[in-house]
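Visitor: I'd like to go over a predicted model; first the sequence, then the structure.
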Amino acid sequence: MKSINLGAIDLNLLVAFAALLEQRSVTKAAEQLQIGQPAMSASLNRLRILFEDELFVRLGRQMQPTLKAQALAPGILAALQQIRQTMTSNQTFEPTSSERTFALGSSDYTSFVLVPPLMEFSHQNAPFLNFQMIGFEKDSVGDLFEQGVIDIALGVFPKPPRQTLWEPIFEERFVGIGRQGHPGIRNGKMSLDAFMAFSHALTTLRRDTIGEIDKALNEQSLERRIALTTPHMLVLPFAIASSDLVAALPYRIAFRFAMICNLTIFELPIATEPWMISMLWSPLSDQDEANRWLRNSIKTISQKMEAN
């Protein structure tokens, strides 16, 4: 047989072939596919031309498959089944059984705050999912989406990259933290004079000593002493617990540090603006059922944190 141009084949012809093979009748095959008998007869004629064989011949009351049709049948039926399975797998995400791996772009802060409740939620609702946390520079997040490196990015995005979708998930604010029994903390508060008198610790990735607190202090012509700068946030609770250092941290991480190292949280004596933690994703995955499930799960977790 001459080579067949697959681009010229109508998939409906293979569906018609399967119906004829099952029903052995043009009329019944047409009823099965919910088309008219003339349309089914036309499909049979096109199949005969395509395969250069009668394919189905009337013997008695039925259309019997020729030897050629019998030889073609296993491959055509298998191909149609494969197409059905592919379409179903692409449209259905079952969190209880899926073994998919999600890559999340995340800082130390968002990982520390969101990963524990996310793992608890996953353990209960999607026990076979895997998560890969990937650090990133904010300027590169758009490239990571384009390259397919990450599924979702978590963080502060005042100017989200173009060609990304964005949704806020919870609000955050600064609080102070110091050791239990710190001489400057009284009833969960610290005066501005005391705040300026004690040395401070600062977490920064930029290798500088300017944070949001310093900007707020500069507006009052004040300057604090920063005795410790570190890019490693996890060193802070232990450094603070063993000294009179104080630090200004996002509330959710300060709360967890206070539990780990028996620290005290206090309200800052200066006004600072809250900010929004958001998630980004690519429009390419916006309608993906698995990605949508993950985004909804993160929102559910964030809403529970807000309620607490």
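Guide: That came through, no problem.
Visitor: mind listing what residue 287 touches?
Guide: Not one residue lies near residue 287 by C-beta atoms under 8 Å, 6 or more residues apart in numbering. Backbone N, C-alpha and C define where each C-beta goes, glycine included.
Visitor: what's in contact with the strand or helix carrying residue 12?
Guide: Here residue 12, judged by DSSP states H and E, is contained in helix 11-23. For helix 11-23, contacts defined as C-beta under 8 Å, 6+ apart pick out 26, 29, 32-33, 40, 43-44, 46-47, 50, 55-56, 63, 65, 69, 72-73, 76-77, 79-80, 83.
Visitor: one more time with 7 Å, if that's ok
Guide: Outside helix 11-23, the residues that touch it by C-beta atoms under 7 Å, 6 or more residues apart in numbering are 29, 32-33, 40, 43-44, 46-47, 50, 56, 63, 65, 73, 76-77, 79-80.
Visitor: go on, stretch 187-194?
Guide: 176, 184, 265, 266, 267, 269, 270.
Visitor: for the last one, give its distance to residue 174.
Guide: Yep, that's residue 270 we're talking about. Residue 270 sits 9 Å away from residue 174 when distances are taken as C-beta to C-beta, to the nearest Å.
Visitor: comparing those two, which shows the higher neighbour count?
Guide: Shown here are residue 270 and residue 174; by other C-beta atoms under 10 Å, residue 174 has more neighbours (22 against 17).
Visitor: ranges for the strands of the protein?
Guide: Shown for the chain, the strands assigned by DSSP state E span residues 56-59, 62-65, 101-105, 130-134, 152-155, 165-172, 174-179, 200-203, 226-230, 246-250, 263-266, 275-281.
Visitor: can you list those in JSON lines and add distance to residue 210?
Guide: Supplementary listing: the strands of the chain in JSON lines, determined by distance: least, C-beta to C-beta, whole Å:
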{"stretch": "strand 56-59", "distance to residue 210": "81"}
{"stretch": "strand 62-65", "distance to residue 210": "80"}
{"stretch": "strand 101-105", "distance to residue 210": "25"}
{"stretch": "strand 130-134", "distance to residue 210": "27"}
{"stretch": "strand 152-155", "distance to residue 210": "19"}
{"stretch": "strand 165-172", "distance to residue 210": "19"}
{"stretch": "strand 174-179", "distance to residue 210": "15"}
{"stretch": "strand 200-203", "distance to residue 210": "9"}
{"stretch": "strand 226-230", "distance to residue 210": "9"}
{"stretch": "strand 246-250", "distance to residue 210": "13"}
{"stretch": "strand 263-266", "distance to residue 210": "22"}
{"stretch": "strand 275-281", "distance to residue 210": "17"}
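Visitor: as JSON lines, these with mean pLDDT and distance to residue 188 would be great.
Guide: Listed next are these as JSON lines, based on pLDDT from 0 to 100; distance: least, C-beta to C-beta, whole Å:
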{"stretch": "strand 56-59", "mean pLDDT": "92", "distance to residue 188": "85"}
{"stretch": "strand 62-65", "mean pLDDT": "92", "distance to residue 188": "84"}
{"stretch": "strand 101-105", "mean pLDDT": "95", "distance to residue 188": "34"}
{"stretch": "strand 130-134", "mean pLDDT": "95", "distance to residue 188": "33"}
{"stretch": "strand 152-155", "mean pLDDT": "95", "distance to residue 188": "29"}
{"stretch": "strand 165-172", "mean pLDDT": "94", "distance to residue 188": "19"}
{"stretch": "strand 174-179", "mean pLDDT": "97", "distance to residue 188": "9"}
{"stretch": "strand 200-203", "mean pLDDT": "92", "distance to residue 188": "18"}
{"stretch": "strand 226-230", "mean pLDDT": "92", "distance to residue 188": "23"}
{"stretch": "strand 246-250", "mean pLDDT": "95", "distance to residue 188": "13"}
{"stretch": "strand 263-266", "mean pLDDT": "97", "distance to residue 188": "5"}
{"stretch": "strand 275-281", "mean pLDDT": "95", "distance to residue 188": "22"}
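Visitor: re earlier: who wins for neighbours among the contacts of stretch 187-194?
Guide: residue 176 (26 neighbours).
Visitor: contacts only, for residue 101.
Guide: Contacts of residue 101 were listed using C-beta under 7 Å, 6+ apart, and they are 130, 132.
Visitor: from residue 156, how far out is it?
Guide: 25 Å.
Visitor: wait, residue 132 sits on residue 105?
Guide: No. With contact defined as C-beta atoms under 7 Å, residue 132 does not reach residue 105; the gap is 10.0 Å.
Visitor: which one of these two has more residues nearby?
Guide: The neighbour comparison of residue 132 against residue 105 (other C-beta under 10 Å) goes to residue 105, with 25 against 13.
Visitor: drop anything exposed from the contacts of helix 11-23.
Guide: 29, 32, 33, 40, 43, 44, 47, 50, 56, 63, 65, 76 (16 or more other C-beta atoms under 10 Å).
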